[in-house]
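Q: Pasting a predicted model and its sequence here:
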Amino acid sequence: MKKIAVIGSNMVDLITYIDRMPAQGETLEAPRFAMGCGGKGANQAAAAALLGAHVMMVTKVGDDAFADTTLANFQRLGIDTRFVERVPGVSSGVAPIFVQENSHNSILIVKGANAHLTPADIDRAEPLLRDCALIVLQLEIELASVYHAIDVAHRLGVPVLLNPAPAVAGLSRQHLGRLDFLVPNESELALLTGQPVDSAEAAAKAARSLLEEGVRHVIVTLGEQGALYVGEQGEWRVEGHRVDARDTSGAGDAFIGCFAHHWSRDGDIHRAMQQAVAYSACSVTGLGTQSSYPDTAAFALFSAPLPA
Ligand code: RIB
């Protein structure tokens with residue numbers, strides 16, 4: 001089985017469950033705290049690995065105890081860490097996350113060592129990247145490195161997927177045009193296209209404009225409403241599932257890791273989206289980011305409930 005390469009971020013998530021956000025100058029007691037492994041890149045790698053994919057990560061950790069936590073987690077998941085490096089004198093990436101009772105979250109990220117992942121680091125991984133089924137990217141590393149990874153994938157002829165999160169305005173159109181898969185959520189799609197995205201119809205219209213720029217497949221994640229495909233295979237929607245959501249942190253990453261795993265196996269986009277919608281619905285029923293991701297056995301027990 002060919003590997004999936006994730007070139008991107010890792011973070012340690014510092015998750016506080018809150019009744020409400022404190023006002024300026026106010027101190028509030030919060031009922032619960034948890035620490036877990038996160039970062040959009042590592043989350044996507046973890047989801048794919050838990051489902052049985054062979055995954056390699058190209059990332060940087062810092063010079064602290066959080067780095068040990070992240071490395072041990074990669075090893076537990078069987079993720080290839082040959083291109084995971086420590087950066088002396090720099091903190092690891094961390095993400096303070098606040099989860100409210102309605103399951104919605106607010107996230108701060110401190111990139112730390114992730115900001116030190118350079119184009120030269122990606123070049124060093126090239127001998128392994130050339131044999132991968134898919135290269136998966138997000139935007140929690142420097143943009144120059146993301147663009148370089150897209151160029152390398154293009155030159156090697158390896159399919160490339162970009163999750164444009166967290167949202168950044170003014171992404172290079174030339175690089176967008178080299179993507180096989182672009183997987184934004186609704187707000188990221190709105191920022192990318194400058195178009196309002198307040199309905200599935202508006203999302204389809206905005207996604208179509210990206211096809212004109214050269215993207216082959218746009219998949220818009222719609223939260224509990226499922227996901228939308230607009231691309232060279234046509235247009236369709238995969239319905240979401242009605243679940244009791246407890247924590248939506250990392251649900252988009254769960255979708256992408258699961259999609260990458262299934263698509264890499266057989267190239268069936270529609271089936272991979274169905275699996276990914278169910279997998280991310282399952283993830284929001286648990287707490288935390290990676291801690292809420294099921295492995296193959298646990299996911300098999302998740303009987304996808306009725307469409308939302
Ligand atoms: O997408 C969720 C992730 O965003 C969290 O794990 C956090 O680390 C931030 O990167």
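A: Yes, it's here.

Q: Next, the contact list for residue 56, please.
A: 3-6, 79-83, 125, 128, 132 (CB atoms under 8 Å, 6 or more residues apart in numbering). Glycine gets a C-beta too; all of them are placed from N, C-alpha and C.

Q: Checking it next. Helix, strand or coil?
A: What DSSP: H, G, I helix; E, B strand; the rest coil gives for residue 56 is strand.

Q: burial count for the closest residue in space to it that isn't next to it in sequence?
A: Ranked by CB to CB, 6 or more residues apart in numbering and with sequence neighbours excluded, the top spatial neighbour of residue 56 is residue 80, at 3.7 Å. As a burial measure, the neighbour count of residue 80 was computed by other CB atoms under 10 Å and equals 18.

Q: So which of the contacts of residue 56 is the closest to residue 196?
A: When these are compared for distance to residue 196 (CB to CB), residue 6 wins out at 31.4 Å.

Q: packing partners for the worst-scoring helix or strand of the chain on mean pLDDT?
A: Averaged element by element with mean pLDDT, DSSP states H and E, the chain has its least confident helix or strand at strand 105-107 (a mean of 92). Under the contact definition 3 or more CB pairs under 8 Å, 6 or more residues apart in numbering; DSSP states H and E, strand 105-107 sits against strand 94-100.

Q: near the ligand at all, the strand it packs on?
A: Yes. With CB under 6 Å from any ligand atom as the threshold, strand 94-100 lies in contact with the ligand, specifically through residue 95.

Q: and after the least confident helix or strand of the chain, which helix or strand comes next?
A: Beyond strand 105-107 in the direction of the C-terminus, DSSP states H and E gives the next helix or strand as helix 119-124.

Q: For the closest residue to the ligand within the stretch 51-200 of the chain, give the beta-bridge partners.
A: Per CB to the nearest ligand atom, residue 95 is where the stretch 51-200 of the chain lies closest to the ligand, at 3.3 Å. Counting by DSSP bridges, residue 95 forms beta bridges with residue 13.

Q: can I assume residue 92 sits in a strand?
A: No. Under three-state DSSP, residue 92 falls outside any strand and is assigned coil.

Q: so it makes contact with residue 71?
A: No. Using CB atoms under 8 Å, residue 92 is not in contact with residue 71, being 10.0 Å away.

Q: Overlap of the contact sets of the two?
A: The contact sets of residue 92 and residue 71 overlap at residue 61 (CB under 8 Å, 6+ apart).

Q: I appreciate the help and will end here.
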